[in-house]
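Student: attaching a predicted model along with its sequence, questions to come.
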Amino acid sequence: MTSSSDTPTIGFIGLGNMGAPMAQRLVEAGYEVIVNDLDPARSAAVAEHGGVTATSGRTCADAADILFTSLPTPTSVQSLMAGPDGVLAHLNPGSIWADLTTNSGDLIRSLAAQAPPGVEVIDSPVTGAVDGARLGKLTIFMGGTSTAIDGVEPVLKNLGTIIRCGPLGTGNVVKLVTNQLWFIHAAAIGEGFAVGMANGVNLETLWYAIKESVGDSFVARHDAPSIFAGHYHPSFTLELCEKDLRLTNELAQNVGTDLPMTEAATGAFTRAIERYGPDVGELHVAKRIEDDANLSYRLVGDWVPHWEK
């Protein structure tokens, strides 16, 4: 380790909707957390609560025993980390890079092959939304060597539950499968609400029945209240959904048969982007059904958006 104590110094690059609350939780857990973001205001916000700002990603890596990256796309990761002037080249022997981005397994393995001698690489994408990041209730899918994961696990336990998925790259496979099912459920719940309401069922009754039956899902419990309140702008944009579905469809090429539900979900999200644009929240995939069916999914209630809890 580069630090003088047994407590690792943490570098954290990428302070967006998910990265900022994760970095803040690590500060609150007592770690020295050195942060960097393209937007200096985001770094300053974490520094106000005990973080330390770095002038660049490279200086962040220079000081880190464990470097976390939380970025929007594989292209962002490659641009930041790759090459002789990239952040990866500035990590010190004995340090670990753990990528929290939902990424391509091929890319993370390619970057790992470029790591300096003595630097370990882990893919560790997360799920659980902004409220999970803020409350330390994420699920973290880790791929890499047991030695590397052992080195990072005590830190990441402050963010949630850790699942060891296998060799490097498998963390992203598992994350993409969970998102694959999430996207299918998000598209399906808008259709289910429409079928029930168009045939005379009260929406509140329908929702209760879904939750108490085989129709239950994370979407029904976590996302449906946002729909009822008209909060269609959670933390995950349609553009990011499209990115993850593209990565999932790349993995699907290894299956050897067609995946009609995944193909249908891809089509549903594409139609939502065409209607509302790429920068709106993922639940617009259900809003498109609501709008086209001329229905209202509003329910009276004290709905608090999950990202504000």
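Tutor: In hand now; what should we look at? The shown structure was predicted, so the numbers you read here are calculated from the model rather than taken from an experiment.

Student: Three-state assignment for the residue of the chain positioned farthest from its centre, please.
Tutor: Within the chain, the residue lying farthest from the chain centre (C-alpha atoms, centre = their mean) is G200, at 37.3 Å. Counting by DSSP: H, G, I helix; E, B strand; the rest coil, the backbone at G200 sits in coil.

Student: quick one, helices of the stretch 201-309 of the chain?
Tutor: Here the stretch 201-309 of the chain has its helices, by DSSP state H, counting those that start in this stretch, at 203-211, 218, 224-229, 238-252, 260-276, 284-292.

Student: burial count for the closest residue to L295 other than its chain neighbours?
Tutor: Sequence neighbours aside, M197 is the residue nearest to L295 in space, at 5.4 Å (criterion: C-beta to C-beta, 6 or more residues apart in numbering). Backbone N, C-alpha and C define where each C-beta goes, glycine included. M197 has 17 neighbours, counted by other C-beta atoms under 10 Å.

Student: equivalent analysis for the one 10 residues further on, please.
Tutor: With neighbours defined by other C-beta under 10 Å, the count for W207 comes to 24.

Student: returning to that earlier point: so for the residue farthest from the centre of the chain, what's the pLDDT?
Tutor: The model reports G200 with a pLDDT of 98.

Student: for it, give me phi and psi.
Tutor: The phi/psi pair for G200 (degrees, to the nearest 10) reads phi 90, psi 10.

Student: if I look at it, how far off is A209?
Tutor: Taking C-beta to C-beta, to the nearest Å as the measure, G200 falls 14 Å from A209.

Student: again, but for G192
Tutor: 10 Å.

Student: same thing with D39?
Tutor: 44 Å.

Student: do P93 as well
Tutor: Distance from P93 to A209, by C-beta to C-beta: 58 Å.

Student: give me the more crowded residue out of the two.
Tutor: Applying other C-beta under 10 Å to P93 and A209 shows that A209 carries more neighbours, namely 13 against 9.

Student: for the residue farthest from the centre of the chain, what are its contacts?
Tutor: If a contact means C-beta atoms under 8 Å, 6 or more residues apart in numbering, then G200 has no contacts.

Student: again, but for the one 10 residues further on
Tutor: Applying C-beta under 8 Å, 6+ apart to I210 gives the contacts I189, G192, D216, A220.

Student: quick check: closest non-adjacent residue to the third one.
Tutor: To tie it back to what came earlier, the one meant is D216. Using C-beta to C-beta, 6+ apart, the closest residue to D216 is I210 (6.4 Å).

Student: ditto for the first one
Tutor: Of all residues beyond its chain neighbours, the one nearest I189 is V219 (5.3 Å), with distances taken as C-beta to C-beta, 6+ apart.

Student: residues touching the strand or helix carrying V35, excluding its own?
Tutor: Assigned by DSSP states H and E, V35 belongs to strand 33-36. With contact meaning C-beta under 8 Å, 6+ apart, strand 33-36 is reached by 9-13, 15, 23, 26-27, 43, 46-47, 50-57, 59-60, 63-64.

Student: can you check stretch 253-266 too?
Tutor: By C-beta under 8 Å, 6+ apart, stretch 253-266 touches Q180, F183, I184, A187, L245, T248, N249, A252.

Student: and the residue farthest from the centre of the chain, how far from L206?
Tutor: Counting by C-beta to C-beta - G200 and L206 are separated by 10 Å.

Student: repeat for A198
Tutor: A198 is 11 Å from L206, by C-beta to C-beta.

Student: so for the two, which sits in the more crowded spot?
Tutor: L206 (16 against 11).

Student: count the neighbours of the nearest residue to that one once chain neighbours are set aside for me.
Tutor: Excluding the flanking residues, the one nearest L206 by C-beta to C-beta, 6+ apart is G196, at 4.2 Å. By the criterion of other C-beta under 10 Å, G196 has 17 neighbours.

Student: and if you look at the one 5 residues further on?
Tutor: Neighbourhood size, V201 [other C-beta under 10 Å]: 14.

Student: cool, the one 3 residues further on as well?
Tutor: Applying the criterion other C-beta under 10 Å, we find 12 residues in the vicinity of E204.
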